[in-house]
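J.: Let me see the structure of the following:
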Amino acid sequence: QVQLVESGGGLVQAGGSLRLSCKASGLTFSRYTMGWFRQAPRKEREFVAAMSWSGGNTAYADSVKGRFTISRDNAKNTVYLQMNSLKPEDTAIYYCTAAGRVLGGRNYYTARLYDYWGQGTQVTVSS
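T.: Residues are numbered from 1 along each chain as shown. Just a heads-up that it's a prediction; the model follows:
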């Protein structure tokens with residue numbers, strides 16, 4: 001049974017930082033593309049960042065480029081999202097996701113190409 005468990009969310013003031021973690025189990029982590037999506041109230045789920053199985057390729061939404069960094073530790077079956085310079089518009093539930101295929105380019109942004117999803121962790125940025 002595949003499980004993705006997010007942690008690290010919380011309440012932070014604008015300009016602050018948070019680091020999200022996602023621990024995976026039940027899959028061969030090093031063979032999966034890992035990603036983060038988010039969903040704000042009354043909005044559709046949107047892509048945030050993704051990383052290839054080797055860590056050699058990454059993708060970011062334009063709205064987070066230069067502020068967020070995705071990384072992974074295949075030995076720990078964990079993917080991270082370091083979020084700096086947070087803004088109120090970053091407030092959302094953040095979901096960890098895994099794709100058992102090689103993705104590239106715009107495919108990183110396509111939620112239906114990911115196979116597994118976590119339950120999400122709430123991030124709230126106050127102004």
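J.: residue closest to the middle of the protein?
T.: In the chain, the residue lying closest to the centroid (CA atoms, centre = their mean) is residue 36, at 2.0 Å.
J.: which residues does the nearest residue to it once chain neighbours are set aside contact?
T.: Spatially, and ignoring its direct neighbours in sequence, residue 36 is nearest to residue 48 (4.3 Å; CB to CB, 6 or more residues apart in numbering). In this view, the C-beta of every residue, glycine as well, is placed from N, C-alpha and C. Shown in contact with residue 48 (CB atoms under 8 Å, 6 or more residues apart in numbering): 35-38, 60-61, 64, 68, 81, 94.
J.: ok, then the element right after the strand or helix carrying residue 95?
T.: Following DSSP states H and E, one finds residue 95 within strand 92-99. The first helix or strand that comes after strand 92-99 along the chain, using DSSP H and E, is strand 116-117.
J.: That following strand - contacts with which helices or strands?
T.: strand 92-99 (3 or more CB pairs under 8 Å, 6 or more residues apart in numbering; DSSP states H and E).
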